[in-house]
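A.B. asks: Have a look; sequence and predicted model below, questions after that.
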Amino acid sequence: MVWRTADDVWQQWVAMAHYLIISGIPDSVLMLIMHLETPHETFTYLKSHYSRIWRPKCSKVVDEAN
């Protein structure tokens, strides 16, 4: 049995969170955030730069329904 430290588990969760954040964005945006080290930095950057983008009314209705 292989023993994993709490740090190993934490790093695995960090990598998974980072993957989930970056897997759904276009390559052009990915190139802008590759230098960021943590999922928190990545999410904060994306939120501050792209959260005010206009979206069609139909997507807003879907978001409000959830």
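C.D. replies: Nice, I can see it.
A.B. asks: what helix or strand does the residue most central in space within the chain sit in?
C.D. replies: Nearest residue to the geometric centre of the chain (Cα atoms, centre = their mean): I21, 2.1 Å. Here I21 is covered by helix 6-22, with elements defined by DSSP states H and E.
A.B. asks: Mind listing what's buried along whichever helix or strand comes after that helix?
C.D. replies: Going down the chain from helix 6-22, the next helix or strand is helix 27-33, by DSSP H and E. If you call a residue buried by 16 or more other Cβ atoms under 10 Å, then helix 27-33 has these buried ones: I33. All C-beta atoms are positioned from the backbone trio N, CA, C, and that covers glycine.
A.B. asks: Check which helices and strands helix 27-33 is in contact with.
C.D. replies: Under the contact definition 3 or more Cβ pairs under 8 Å, 6 or more residues apart in numbering; DSSP states H and E, helix 27-33 sits against helix 39-50.
A.B. asks: rerun that using 10 Å as the cut-off
C.D. replies: With contacts defined as 3 or more Cβ pairs under 10 Å, 6 or more residues apart in numbering; DSSP states H and E, helix 27-33 has these neighbours: helix 6-22, helix 39-50.
A.B. asks: quick one, which of these is packed in tightest?
C.D. replies: Of the helices and strands packed on helix 27-33, the one with the most neighbours on average (mean count of other Cβ atoms under 10 Å) is helix 39-50, at a mean of 14.
A.B. asks: Touching that one from outside, list them.
C.D. replies: Contact with helix 39-50 is made by 13-22, 25, 29-30, 32-36, 38, as judged by Cβ atoms under 10 Å, 6 or more residues apart in numbering.
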